[in-house]
Every structure is written in C-alpha cells, then in structure tokens.
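> this is a predicted model, with the sequence first.
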Amino acid sequence: SFGILILYKHDFRQLFAILSYDSQFVPSIHNIGYILIGIGAFIFIIGLLGCCGSVRESRYLLGIYVFCIILVMGSELIVAMYTVLLSDEWNHRLSKKLKSRLLKYNYSTPQQFEYDLDIIHKQ
C-alpha cells in the first residue's frame, strides 16, 4: 500500500516533480512505488504458500515457504545495509541539487520548478 501511496499521492508527485529536474536518480526513486507493489504481491504469495503448506501438511510447500522467508530476510538485510552505507551520499546529492535549484530561482520568468516550490511554500 505504501507503493500505491508513493505513486498516486499528490504530495509525493510534487516532490518527484521538484527533484526530477536534471537529476539522474529520480527515475529510480519513482520506480520504488512499483517495486514496493511487487514486493507486497510476492510476500502475499509467500504467505499463501505457508498457509496452504500448513493446512495440507505438505513438506514441499513448507520447504518453499521457509526458503522464500530466508530469501526475503536476506534481501531486506542487504537493502538495509545498502541504504545505511549510501544515505550520506544521497542526502549530499539531494541537498546539493536543491541548493543549486534554489540559487537559480527566477521570479521574473518562473518555470515548473518555481511553481512547484511556491505550492510547497503555501502548504
């Protein structure tokens, strides 16, 4: 559900619009919503396998369930380590990008960035 929130909530869309100017990593940020929806569907299927395996007492389904749980936990650990290691770099890039955009802020001929920034300031 967080993936759907990222994709369709107006505030997130404005944030993506502000960050998308001359940026290399914003398309990957926008894809996070789709990735989260896919992960949610995968976890639902894993839970269904575990439920069916326990009801039918199938060792095969329970083995697949345990393997998938270990796979998900391992991938979460890798993503957490990756996020912690690169969070300073992402914060630095983001602040540098926003500072450069704010320094170019033009009152006489506003562009989309200026409109978006004005909307954020009004809220």
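Received the coordinates, thanks. Numbers count the residues shown, from 1 in each chain.

> got the buried residues for stretch 46-59?
46, 49-50, 53 (16 or more other C-beta atoms under 10 Å). Quick note: C-beta positions are derived from backbone N, CA and C, even for glycine.

> just stretch 79-92 next, same as before
Residues of stretch 79-92 classed as buried by neighbour count (16+ other C-beta under 10 Å): none.

> helices of this structure, start to end?
With DSSP state H, the ranges of helices along the chain come out as 2-8, 10-19, 26-30, 32-56, 59-103, 112-122.

> quick one: list the elements packing against the longest one.
In this structure, helix 59-103 packs against helix 10-19, helix 32-56, with contacts taken as 3 or more C-beta pairs under 8 Å, 6 or more residues apart in numbering; DSSP states H and E.

> hmm, try it at 7 Å
helix 32-56 (3 or more C-beta pairs under 7 Å, 6 or more residues apart in numbering; DSSP states H and E).

> turn the buried residues of stretch 46-59 into JSON lines, columns for distance to F67 and pLDDT.
Shown next, in JSON lines, are the buried residues of stretch 46-59 (distance: C-beta to C-beta, whole Å; pLDDT from 0 to 100):
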{"residue": "I46", "distance to F67": "10", "pLDDT": "89"}
{"residue": "L49", "distance to F67": "10", "pLDDT": "86"}
{"residue": "G50", "distance to F67": "11", "pLDDT": "88"}
{"residue": "G53", "distance to F67": "11", "pLDDT": "87"}
